[in-house]
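> what follows is a predicted structure for the sequence shown.
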There are 2 protein chains.
Amino acid sequence: MSIIYLESKDNPKIKHIRALTEQASYRKKQQQTILEGTHLCLAWLEASRPIKSLFTTEAALQHLDIEKIQTLYTGHIFILSEVLYRDLSTLGTSLPCLAVIDLPRHQHAIDFNQDTLILDGVQDPGNVGTLLRSAAAANIKQILCTPAVSSIWSPRVLRAGMGAHFSLFCFEQVDLSRVLPQFNIPVYVTSSHQSKSLYSEDLTQPCVWILGNEGQGASEYALEHAQAIAIPQPGGQESLNVAIAGSICLFEMVRQRQITA
Amino acid sequence: MSIIYLESKDNPKIKHIRALTEQASYRKKQQQTILEGTHLCLAWLEASRPIKSLFTTEAALQHLDIEKIQTLYTGHIFILSEVLYRDLSTLGTSLPCLAVIDLPRHQHAIDFNQDTLILDGVQDPGNVGTLLRSAAAANIKQILCTPAVSSIWSPRVLRAGMGAHFSLFCFEQVDLSRVLPQFNIPVYVTSSHQSKSLYSEDLTQPCVWILGNEGQGASEYALEHAQAIAIPQPGGQESLNVAIAGSICLFEMVRQRQITA
């Protein structure tokens, strides 16, 4: 391991981080992204995944979490000034720690008999990341995203996912009209119109959940090709946040399977 | 109704909006806040609450949602240039619409026999607003917040609440050690340590839910004076987002009450 000081914001490594942070097209071209914060970096290393390069500040080097990272990561550590780090960071006041990683590649094909979460146009990065986190907790391993979904390897989605990405198989740019007909298990879409109650449905067998866009809801194709399910709302509010609605559905599934297990 | 053009960013009304947006202390002193976006403004007017003054742009005046607001609001409308509005707004590209309102006052005392949600140090404005939205949907009307909770009348919490605030009784700056002993109903706190499963608990009668801080969890006082409840997570993730965990609990309560109703 060596420690290298970077001082200029025009250094190519700094420009590389900034572009990975800000541009989905650059992430795709480079097949890399940024993990920000010690929690994500540690979760990544503990899943035995390699960090390409690590960036922090001189003061943070002595911090326990950074020392823990150094026991798992033996490559170069680049030290930035506080000002330069804050200028790159999107995280505010947390401990300086920023890693460049290669995007994971998996050779899996979509499994059409497995519990699956489909994001159909969910746009807010916080909602996307939170849904991945809930899916991982509920033991759903397969995630499909339509083209309109926020890029799941962006720093904001990664942050909200809190490491969930690293245990999931995620497929992006998925065409619903090509995949939905291939599923051999029930497919549900959350919708408040002409829907059955979530609580009247038997969810003990594998199934597919489709969650739609924050404003417009699910696509017409999804609504036509899936069973509409609604969460009863005795308070009569117009709708729940999509990450909340999705998680309530996933954990009703968890509940039913625990009780029948 | 009259339409008044404001052109200077040094106009006292503009400075007033900026201070209400940015400073919790100024909101408290003025007993006012800002509603941003047509959705919140309409929800407020439809709950028969008065807007003190309304700010938009010339172009937005012709928009259907702004016209709808004008049928319910008969006071002055202040027109800002696009540049000046964008400089004030925290909402990005949505339709320009910003209202000053008085903070609601309610004379109610805390009801210690009623379903209640207690936020014990929840800090992220998005989480606080989302939890208010879920509480309203689950028909919980009483919300208590400890001093560390993000100010619930800030523009960011209002936005995530999507109008839920207007149907709730919210108490801020609440001292847990003063209120918890007065409840005559079960008090639960979500915690992953030494907890009973959410799904084994009878939630058909009124109860209290305590949700803790995003990083540290609930306070020691809460953990000592409430029953710890955990949401089973077959995927083995370390934790769920607090707004997700809280909403899963509230809707398990909804489910049990629907089934026994």
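It's in.
> CA only for contacts and neighbour counts going forward, please
Will do.
> list the residues that contact A:Ile3.
By CA atoms under 8 Å, 6 or more residues apart in numbering or on different chains, the residues touching A:Ile3 are A:76-79.
> chain A: strands as residue ranges?
For chain A, the strands defined by DSSP state E cover A:3-5, A:32-36, A:53-57, A:77-80, A:98-102, A:116-120, A:142-145, A:169-171, A:187-190, A:196-197, A:208-212, A:227-230.
> what packs against the last one?
Which is strand A:227-230. Judged by 3 or more CA pairs under 8 Å, 6 or more residues apart in numbering or on different chains; DSSP states H and E, the packing partners of strand A:227-230 are strand A:187-190, strand A:196-197.
> among these, which is the most enclosed?
Comparing the helices and strands packed on strand A:227-230 by mean neighbour count (mean count of other CA atoms under 10 Å in any protein chain shown), strand A:187-190 ranks first with a mean of 24.
> quick check: mean pLDDT across that one?
For strand A:187-190, mean pLDDT rounds to 97.
> for stretch A:41-54, same thing?
Mean pLDDT, stretch A:41-54: 94.
> what comes up buried for that stretch?
The neighbour-count check on stretch A:41-54 (16 or more other CA atoms under 10 Å in any protein chain shown) flags A:41-44, A:49-51, A:53-54 as buried.
> among the residues you listed, which two are most distant?
Based on CA to CA, the longest span within the buried residues of stretch A:41-54 runs between A:Ala43 and A:Ser53 and measures 15.7 Å.
> the longest helix seen in chain A and chain B, any residue contact?
When chain A is parsed with DSSP state H, its longest helix is helix A:242-260. Yes. Helix A:242-260 reaches chain B (CA under 8 Å from any CA of the partner chain) through A:243-244, A:247-248, A:251, A:254-255.
> for chain B, what are the nearby residues on the stretch 101-250 of chain A?
Applying CA under 8 Å from any CA, one finds that the stretch 101-250 of chain A approaches chain B through A:130, A:133-134, A:136-140, A:164, A:199, A:232-241, A:243-244, A:247-248.
> what sits against the residue nearest the centre of chain A?
Nearest to the mean C-alpha position of chain A, by CA atoms, centre = their mean, lies A:Gly129 at 3.8 Å. A:Gly129 sits next to A:152, A:156-162 when contact means CA under 8 Å, 6+ apart.
> turn those into CSV, columns for pLDDT.
What follows is the contacts of A:Gly129, written out as CSV (pLDDT from 0 to 100):
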residue, pLDDT
A:Ile152, 94
A:Arg156, 91
A:Val157, 95
A:Leu158, 95
A:Arg159, 92
A:Ala160, 93
A:Gly161, 94
A:Met162, 92
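> these: which two are farthest apart?
Longest distance between any two of the contacts of A:Gly129 is 12.3 Å, between A:Ile152 and A:Met162; criterion CA to CA.
> domains of chain A?
Following automatic domain parsing, one finds the domains of chain A at A:3-102, A:116-260.
> thought A:Gly163 was touching A:Leu42?
No. A:Gly163 lies out of contact with A:Leu42 (CA atoms under 8 Å); the separation is 9.1 Å.
> can you check which residues contact both of those two?
By CA under 8 Å, 6+ apart, A:Gly163 and A:Leu42 have no common neighbours.
> okay, now the unreliable bits of the stretch 101-250 of chain A?
Applying pLDDT under 70 to the stretch 101-250 of chain A picks out residues A:237-238.
> if we go to 90?
Filtered on pLDDT under 90, the stretch 101-250 of chain A yields the residue ranges A:104-108, A:191-195, A:215, A:236-239.
> and the helices in it, which stretches?
Applying DSSP state H, counting those that start in this stretch to the stretch 101-250 of chain A gives helices spanning A:125-137, A:155-161, A:176-179, A:220-225, A:242-260.
> so which of the ones you listed is the most surrounded?
Greatest burial across these, using mean count of other CA under 10 Å, falls to helix A:125-137, with a mean of 26.
> how about that one as PDB, C-alpha atoms only?
The C-alpha trace of helix A:125-137 is given here as PDB (Å, rounded to 0.1, in the frame of the first residue of the first chain):
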ATOM      1  CA  PRO A 125     -32.900   7.800  -6.600                       C
ATOM      2  CA  GLY A 126     -33.800   7.700  -2.900                       C
ATOM      3  CA  ASN A 127     -36.900   5.600  -3.600                       C
ATOM      4  CA  VAL A 128     -35.000   3.200  -5.900                       C
ATOM      5  CA  GLY A 129     -32.200   2.700  -3.400                       C
ATOM      6  CA  THR A 130     -34.700   2.200  -0.500                       C
ATOM      7  CA  LEU A 131     -36.700  -0.300  -2.500                       C
ATOM      8  CA  LEU A 132     -33.500  -2.300  -3.200                       C
ATOM      9  CA  ARG A 133     -32.700  -2.200   0.500                       C
ATOM     10  CA  SER A 134     -36.200  -3.500   1.400                       C
ATOM     11  CA  ALA A 135     -36.100  -6.200  -1.300                       C
ATOM     12  CA  ALA A 136     -32.800  -7.500   0.000                       C
ATOM     13  CA  ALA A 137     -34.200  -7.500   3.600                       C
END
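> how far does it sit from the chain's center?
6 Å (CA atoms, centre = their mean, to the nearest Å).
> got it, and stretch A:173-191?
That offset, for stretch A:173-191, works out to 20 Å (CA atoms, centre = their mean).
> can you give me the end-to-end distance of it?
23 Å (CA to CA, to the nearest Å).
> ok, now stretch A:230-249?
9 Å.
> now do stretch A:229-245
OK, stretch A:229-245 end separation, CA to CA: 11 Å.
> buried set for it?
A:229-233, A:235, A:237, A:239-245.
> just to revisit the earlier point, and of the buried residues of stretch A:41-54, the nearest to chain B?
Using CA to the nearest CA, A:Ala43 comes nearest to chain B of these, at 10.8 Å.
> just to revisit the earlier point, which helices and strands does the longest helix of chain A pack with?
Judged by 3+ CA pairs under 8 Å, 6+ apart, helix A:242-260 is in contact with helix A:125-137, strand A:208-212, helix B:242-260.
> dump the second one to PDB, keeping only the CA atoms.
Pointing back at strand A:208-212 there. This file holds the C-alpha atoms of strand A:208-212, laid out as PDB (Å, rounded to 0.1, in the frame of the first residue of the first chain):
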ATOM      1  CA  VAL A 208     -43.600 -10.700  -9.100                       C
ATOM      2  CA  TRP A 209     -44.200  -7.200  -7.800                       C
ATOM      3  CA  ILE A 210     -44.400  -4.200 -10.200                       C
ATOM      4  CA  LEU A 211     -44.000  -0.700  -8.700                       C
ATOM      5  CA  GLY A 212     -44.700   2.400 -10.900                       C
END
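> got the contact list for it?
For strand A:208-212, the surrounding residues in contact (CA under 8 Å, 6+ apart) are A:114-122, A:185-190, A:217-219, A:222, A:242, A:246.
> ok, that strand: who's next to it in the sheet?
Within its sheet, strand A:208-212 is paired with strand A:116-120 (parallel), strand A:187-190 (parallel), according to DSSP bridges.
> which among the ones you listed is found nearest to B:Leu203?
Per CA to CA, nearest to B:Leu203 of these: strand A:187-190, 24.7 Å.
> using CSV, write out the CA atom coordinates for that closest one.
Extracted C-alpha coordinates of strand A:187-190, given in CSV (Å, rounded to 0.1, in the frame of the first residue of the first chain):
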residue,chain,number,x,y,z
VAL,A,187,-47.6,-10.9,-11.3
TYR,A,188,-48.9,-8.0,-9.2
VAL,A,189,-48.9,-4.3,-9.7
THR,A,190,-49.8,-1.8,-7.0
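> which residues sit against that strand?
So strand A:187-190 is contacted by A:207-212, A:218, A:222-223, A:225-231, A:245-246 (CA under 8 Å, 6+ apart).
> which ones are touching whichever residue of the stretch 51-200 of chain A sits closest to chain B?
Nearest to chain B in the stretch 51-200 of chain A, going by CA to the nearest CA, is A:Asn139, at a distance of 3.9 Å. Contacts for A:Asn139 were tallied using CA under 8 Å, 6+ apart; they are B:233-236.
> much appreciated, bye for now.
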